[in-house]
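K.L.:
Quick one, what's the 3D model for this:
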Amino acid sequence: MSWTDERVETLKKMWGEGQSASQIAKELGGVTRNAVIGKVHRLGLSNRAGSGGSAAKAAPKEKPAAAAKPTTKPAPKPKAAPASTPPKEEPELDENGIPISAARRAIIPAGQPLPPQPSANEISPEALAKVSEVEKGAKRISLMELTEKTCKWPVGDPATDDFWFCGLAVQQGKPYCEAHVGVAFQPMSSRRDRRR
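P.N.:
Below you'll find the predicted structure:
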């Protein structure tokens, strides 16, 4: 279905009369209610006085003359002097001319070193030693080789060729092998003790 000039004129006329999008779609044929609404918005016709239905419904009812209140205009309020606003700073743009948001500034580009992770300081030396030993014997598999039975612990920087996953057998109900579970999932009491 294409919007010919004749169909657009029919749509404009019916919309101006207060017809609903469903009624217009039915009249035009071969078009949905949503297509009519979309075309109305694209044409800029969406701000009509009535809320739908026929034009007779859209006409406001007149109030009886006895109930009319005398109209007195209140004194205009003095306009406050505009507050001095500091001039807006021009946003920093990337190489494509797109503004760089704070969230984009926080992203570390590939190949750059990551900032120190706070959780690394909280892991016990015994657990780190166990992980170090296990990683020496790890299968070193790629993302495409991961299964539900392989340890999904990532090792290295994903932006480099020296990135791999552990690949050892997982602990029952966990995504990691026994050594990596010891690092990833710590008992609540030990975490609570460290905060004190």
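K.L.:
and the chain, what are its domains?
P.N.:
5-57, 122-195 (automatic domain parsing).
K.L.:
from what I can see residue 143 touches residue 164, true?
P.N.:
No. Using Cβ atoms under 8 Å, residue 143 makes no contact with residue 164, being 9.1 Å away. Any C-beta I mention is one placed from the backbone N, CA and C, and that applies to glycine too.
K.L.:
ok, back up a step: so which of the domains of the chain gets nearest residue 99?
P.N.:
domain 122-195 (25.0 Å; Cβ to Cβ).
K.L.:
Which helix or strand in the chain has the lowest average pLDDT?
P.N.:
The helix or strand of the chain with the lowest confidence, counting by mean pLDDT, DSSP states H and E, is helix 55-58 at a mean of 44.
K.L.:
related to what we said a few turns ago, comparing residue 143 and residue 164, which residue is more hemmed in?
P.N.:
Between residue 143 and residue 164, counted using other Cβ atoms under 10 Å, residue 164 has the larger neighbour count: 19 against 11.
K.L.:
Report how many residues lie close to residue 137.
P.N.:
Counted with other Cβ under 10 Å, residue 137 comes out at 10.
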